[in-house]
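Novice: let me see the structure of the following:
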Amino acid sequence: MIIQQINSTPNKSEVPESLRYKTINSHISSEIFFLDCINDLLDCSKSNSQYHLIRASSILRMLLKDNIIEHFAKQYNCELNIVACKGIINGKPISNTIIRNNLENLFARINVTAKKSYLNLLDSTTEIYSIKDFKEIILLSFQGEIEINFSVLNIINLIANKHGGAHLETEFESSNIDSFHLAEFNPFSINPNSFFLVKLKEIMTVLIMSTADLRKKIIGHLKEYDNSFTQAHSGPMVCQLKNMNEIDKINNRD
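Specialist: As a prediction, this is how the structure comes out:
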């Protein structure tokens, strides 16, 4: 299965390097961390490595499940417009409790004739979503004896909590023979052709593109902070260096 690439390659958010070596407050530190997270996602989005995509799920989990994106958007009064496909799959996403505890039993009831419906987040016909609505978009639906729907957040949690992004569930039944007919749609077997990794990459791409304005505002703030930090500390530092030079001269005389 071919994974779509980012149509236009955005630049990384360049954090002023000098800030990394200064004693800064926790607020500035968290802004740097946020930008580094997005930069990591950008690198992962350009890779088809199974490892990189699975690891990216832990970053997405922090950004979306732990509401880090909403935190900074609110702080900078930045309206987050998540641009994604206009299509819709009706239904209710499964709960993350089911993903953790009961997914194997549910999929034992999904047979080979089950209908599969899915969305491509990068489709050219787009719509603007709030971050809350974006997380609830159903990307994949299995319809048979029962219906199982995976939302954006479901897919992130599946890979992060079950396949090694944040945790590796050793008891997760990855050899469930009853699910082998699902092939690339099998949630118990994550490989480079996995549909779930395809969807994860689409989620990354959408978030990278949709947070461009927010990242620009944060970068602007960090640069202002870096400049003010330099100006505030340059005077005392110069005086200190002059005093040290004077001491060296006296010592050399002795």
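
Novice: and Arg20, how far is that from Leu140?
Specialist: Distance, Arg20 to Leu140, by Cβ to Cβ, to the nearest Å: 40 Å. C-beta: built from backbone N, CA, C; applies to glycine.

Novice: between those two, which has more neighbouring residues?
Specialist: Leu140 (21 against 11; other Cβ atoms under 10 Å).

Novice: before we move on, what SS does the more buried one have?
Specialist: strand (DSSP: H, G, I helix; E, B strand; the rest coil).

Novice: tell me the bridge partners for it.
Specialist: The residues listed as beta-bridge partners of Leu140 by DSSP bridges are Tyr118, Phe150.

Novice: is it correct that it is in contact with Val152?
Specialist: No: counting by Cβ atoms under 8 Å, Leu140 does not reach Val152; the two are 10.3 Å apart.

Novice: residue closest to the middle of this protein?
Specialist: Leu60 (2.7 Å; Cα atoms, centre = their mean).

Novice: residues contacting it?
Specialist: 41, 156, 160, 200, 203-204, 207 (Cβ atoms under 8 Å, 6 or more residues apart in numbering).

Novice: at which residues are the strands of this structure located?
Specialist: 82-85, 115-118, 126-129, 138-143, 147-151 (DSSP state E).

Novice: which among those is found nearest to Glu70?
Specialist: Glu70 lies closest to strand 82-85 among the strands of the chain, at 11.4 Å (Cβ to Cβ).

Novice: got a list of contacts for that closest one?
Specialist: Under the criterion Cβ under 8 Å, 6+ apart, residues 119-123, 125-131, 133-134, 137, 206-207, 209-210 lie in contact with strand 82-85.

Novice: again with stretch 155-165
Specialist: With Cβ under 8 Å, 6+ apart as the contact definition, stretch 155-165 has outside contacts at 53-58, 60-61, 64-65, 96, 99-100, 103, 139-140, 150, 166-169, 172, 187, 190, 196-197, 199-200, 203.

Novice: tell me where the stretch 151-254 of the chain has helices.
Specialist: Listed in chain order, the helices of the stretch 151-254 of the chain (DSSP state H, counting those that start in this stretch) span 152-162, 195-210, 212-253.

Novice: any idea which of these scores lowest on pLDDT?
Specialist: Lowest mean pLDDT within these: helix 212-253, a mean of 65.

Novice: show me where pLDDT drops low in this structure?
Specialist: 1-11, 23, 164-180, 229-254 (pLDDT under 70).

Novice: which residue, other than its chain neighbours, is closest to Ile69?
Specialist: Distances taken as Cβ to Cβ, 6 or more residues apart in numbering place Leu63 nearest to Ile69, at 5.1 Å, with adjacent residues excluded.

Novice: burial of the one you found, as a residue count?
Specialist: With other Cβ under 10 Å as criterion, Leu63 counts 24.

Novice: roughly how far does it sit from Lys22?
Specialist: Using Cβ to Cβ, Leu63 is found at 25 Å from Lys22.

Novice: over to Ile54?
Specialist: Per Cβ to Cβ, Ile54 is found 34 Å from Lys22.

Novice: neighbour count winner among those two?
Specialist: Taking other Cβ under 10 Å, Ile54 and Lys22 do not tie; Ile54 has more neighbours (22 against 13).

Novice: that one and Asn191 touch, don't they?
Specialist: No: in this structure, Ile54 is not within contact of Asn191 by Cβ under 8 Å, at 10.4 Å.

Novice: okay if I get the contacts of Leu60 as JSON lines plus neighbour count and distance to Gly220?
Specialist: Formatted as JSON lines, the contacts of Leu60 follow (neighbours: other Cβ atoms under 10 Å; distance: Cβ to Cβ, whole Å):
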{"residue": "Leu41", "neighbour count": "21", "distance to Gly220": "21"}
{"residue": "Ile156", "neighbour count": "30", "distance to Gly220": "29"}
{"residue": "Ala160", "neighbour count": "23", "distance to Gly220": "31"}
{"residue": "Leu200", "neighbour count": "28", "distance to Gly220": "30"}
{"residue": "Ile203", "neighbour count": "26", "distance to Gly220": "27"}
{"residue": "Met204", "neighbour count": "26", "distance to Gly220": "24"}
{"residue": "Leu207", "neighbour count": "23", "distance to Gly220": "20"}
